[in-house]
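> Predicted model and sequence follow; I will ask about them next.
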Amino acid sequence: MNITGITAEYDPFHYGHLYQMKKAAELTGADGLIVVLGGDFLQRGTPCMIPKSLRARMAVDSGADLVLSMPYIYSVNSSSEYTRGAVSVLESAGCVDNISFGCENDDLETLEKAASASSDDENLAPLIKENLSKGISYAEALTRSAERFYGREVSDVLRTPNNLLACGYLSALKELDSGIKPVPVKRRESSAYGDASGSPCVSASRVRGLLKEGKADQARSLVPPAAAAVLKELFPDGKTAASWAAEADCSMLRLLRYRIMTSGRRELAAVYSAAEGIEARAAAAALADGVRVMDDFIDIIKTKRYTRSRISRMLVHTLMNFRAEDFSELRGVRYARVLGFSEKGREILSVMKKKSDMPVLSNLAGLSRYDEKVRRSVELDIRAAGLYNMLHGGSDITGGEYKYVPYRG
């Protein structure tokens, strides 16, 4: 069986995602598609609008055969760790032949040059350090350094987030000495796989924005039928996502202020991805007047050097009590938690259970029989689900994770 893997968040699933699925299957001749899906929080450090159970359902009903959850330790992380985590899960599945990813530049040779440049510490590290001293962000420091050493063609590739993720997948494949074949798919503004009226592909953030504005009909017209059905269920006519988002934002702000005010500086500095001195800025933000929403909070903390996404991830890790020490100990842990599957996906699972060198978890009932690192990482997933439910006023904080039944398409 020829299996292709895709990494995604699908918050929500839209026509661009459907195009990628179909194009990846076409380019690879895939018999089956595995999706490694981000968990309860997006890679940029914000809670998902659509719960992971429903995102898994959208994926399966739109053509995915098996949906696996990406562990928290990778899904809320930098692009390099996010991509490394995804590749390690697919590699450990034991049956994946290809990995496909969307990017603005689909020339594999150019992407591989950019991937080598982005991981070239020997030549770029001094230049990056020099550029960082000028007060610019790491991403800009990287692209300027790459242009100076490797030329404009390579640096241009590194200037867009999706190309950076593509480079991350290529670097991870090389680092893990994987035999999985990379298959880039060029992103399109509009898609041949769009809806019948010829509506253009739009970003997930645009669809979320429409839902927050109460324009549910318009939002549903911009996503495939399976996704539209989920959005209809989650946000029926008359219900907007604005109150949902405001409640989560307010809850997260309150929890963060309390957590920071009751923690010592050393404890805050130990949080994973916390940069030197940034704990002092977080402490100041927690006590500042006029902070009404998370954006206000982040505005106080951010600097030119640290992006909003990095700060958002750090704040989630603060609430999760996820420390740098924890990541060092758990990095490399692999397991496949099943969120959904089709009939073909059931066949893939049977192959995985024979060939995979990692635990395949359809439920959490037998978690105690796995080694300590797997248990600790899964417990972080459970904790993240609990935090997500708290932000949205859920009464069942973590019990739902133990009762979770994978969606069957």
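Cool, the structure landed. Numbering: from 1, shown residues only.
> Settle this for me: Ile6 is touching Leu33, isn't it.
Yes: assessed by Cβ atoms under 8 Å, Ile6 is found in contact with Leu33 at 6.4 Å. Using the backbone N, CA and C atoms, a C-beta is placed for each residue, glycine as well.
> which residues are in contact with both of these two?
Counting by Cβ atoms under 8 Å, 6 or more residues apart in numbering, the shared contacts of Ile6 and Leu33 are Met21, Ala24, Ala64.
> which ones are touching the second one?
What it means is Ala24. So Ala24 contacts Thr4, Ile6, Ala30, Leu33, Asn98, Ser100, Val183, Val185 (Cβ under 8 Å, 6+ apart).
> From the residues you listed, keep the buried residues only.
Thr4, Ile6, Ala30, Leu33, Asn98, Ser100, Val183, Val185 (16 or more other Cβ atoms under 10 Å).
> Mind checking which of the residues you listed land in strands?
Among those, the members falling in strands (DSSP state E) are Thr4, Ile6, Leu33, Asn98, Ser100, Val183, Val185.
> Buried ones in stretch 111-130, by neighbour count?
Leu111, Glu112, Lys113, Ala114, Ala115, Ala117, Ser118, Ser119, Leu124, Leu127, Ile128.
> Please apply the same query to stretch 1-9.
Those would be Ile3, Thr4, Gly5, Ile6, Thr7, Ala8, Glu9, for stretch 1-9 by 16+ other Cβ under 10 Å.
> Tell me the one among these nearest to Thr83.
Thr7 (7.3 Å; Cβ to Cβ).
> Report how many residues lie close to the nearest residue to that closest one once chain neighbours are set aside.
What sits nearest to Thr7 in space, not counting adjacent residues and going by Cβ to Cβ, 6 or more residues apart in numbering, is Ala86, at 4.0 Å. When neighbours are counted by other Cβ atoms under 10 Å, Ala86 registers 29.
> same check, this time on Pro225
Residues near Pro225, counting by other Cβ under 10 Å: 12.
> For Thr28, see how far away it is.
To Thr28, Pro225 is 25 Å away according to Cβ to Cβ, to the nearest Å.
> And Val89, by the same measure?
18 Å.
> same check, this time on Val374
30 Å.
> on that earlier part again, which of the ones in strands among the buried ones among the contacts of Ala24 sits closest to Ala283?
Ile6 (40.4 Å).
> Quick check: buried residues in the helix or strand hosting Glu26?
For Glu26, the element it lies in under DSSP states H and E is helix 15-28. Neighbour-count burial for helix 15-28, counted by 16+ other Cβ under 10 Å, picks out Tyr15, Gly16, His17, Leu18, Tyr19, Gln20, Met21, Lys22, Lys23, Ala24, Ala25, Thr28.
> pLDDT and distance to Ser342 added to those, as JSON lines?
Below are the buried residues of helix 15-28 laid out as JSON lines (pLDDT from 0 to 100; distance: Cβ to Cβ, whole Å):
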{"residue": "Tyr15", "pLDDT": "92", "distance to Ser342": "20"}
{"residue": "Gly16", "pLDDT": "92", "distance to Ser342": "21"}
{"residue": "His17", "pLDDT": "94", "distance to Ser342": "16"}
{"residue": "Leu18", "pLDDT": "94", "distance to Ser342": "15"}
{"residue": "Tyr19", "pLDDT": "93", "distance to Ser342": "19"}
{"residue": "Gln20", "pLDDT": "94", "distance to Ser342": "18"}
{"residue": "Met21", "pLDDT": "96", "distance to Ser342": "13"}
{"residue": "Lys22", "pLDDT": "95", "distance to Ser342": "15"}
{"residue": "Lys23", "pLDDT": "95", "distance to Ser342": "19"}
{"residue": "Ala24", "pLDDT": "97", "distance to Ser342": "16"}
{"residue": "Ala25", "pLDDT": "97", "distance to Ser342": "13"}
{"residue": "Thr28", "pLDDT": "97", "distance to Ser342": "18"}
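> Closest to Arg220 out of the residues you listed?
The nearest member of these to Arg220, counting by Cβ to Cβ, is Tyr15 at 12.1 Å.
> didn't that closest one look like it was pressed against Cys201?
Yes: counting by Cβ under 8 Å, Tyr15 touches Cys201, with 4.7 Å between them.
> Give me the secondary structure label for Val291.
coil (DSSP: H, G, I helix; E, B strand; the rest coil).
> In contact with it, which residues are there?
Val291 sits next to Leu253, Arg257, Ala285, Phe297, Ile300 when contact means Cβ under 8 Å, 6+ apart.
> Spatially nearest residue to the second one, not counting backbone neighbours?
Beyond its immediate neighbours in the sequence, the residue positioned closest to Arg257 (Cβ to Cβ, 6+ apart) is Ala286, lying 4.6 Å away.
> again, but for the third one
Taking Cβ to Cβ, 6+ apart as the measure, Ala285 lies nearest to Ile300, with 4.0 Å between them; neighbours along the chain are not counted.
> And the one you found, how far from Ala25?
Ile300 sits 46 Å away from Ala25, going by Cβ to Cβ.
> just Leu253 next, same as before
Distance of Leu253 to Ala25, computed by Cβ to Cβ: 43 Å.
> quick revisit: JSON lines for the buried residues of stretch 1-9, including distance to Ala166 and pLDDT?
Conversion of these to JSON lines gives the following (distance: Cβ to Cβ, whole Å; pLDDT from 0 to 100):
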{"residue": "Ile3", "distance to Ala166": "20", "pLDDT": "98"}
{"residue": "Thr4", "distance to Ala166": "15", "pLDDT": "98"}
{"residue": "Gly5", "distance to Ala166": "14", "pLDDT": "98"}
{"residue": "Ile6", "distance to Ala166": "13", "pLDDT": "98"}
{"residue": "Thr7", "distance to Ala166": "11", "pLDDT": "97"}
{"residue": "Ala8", "distance to Ala166": "14", "pLDDT": "97"}
{"residue": "Glu9", "distance to Ala166": "16", "pLDDT": "97"}
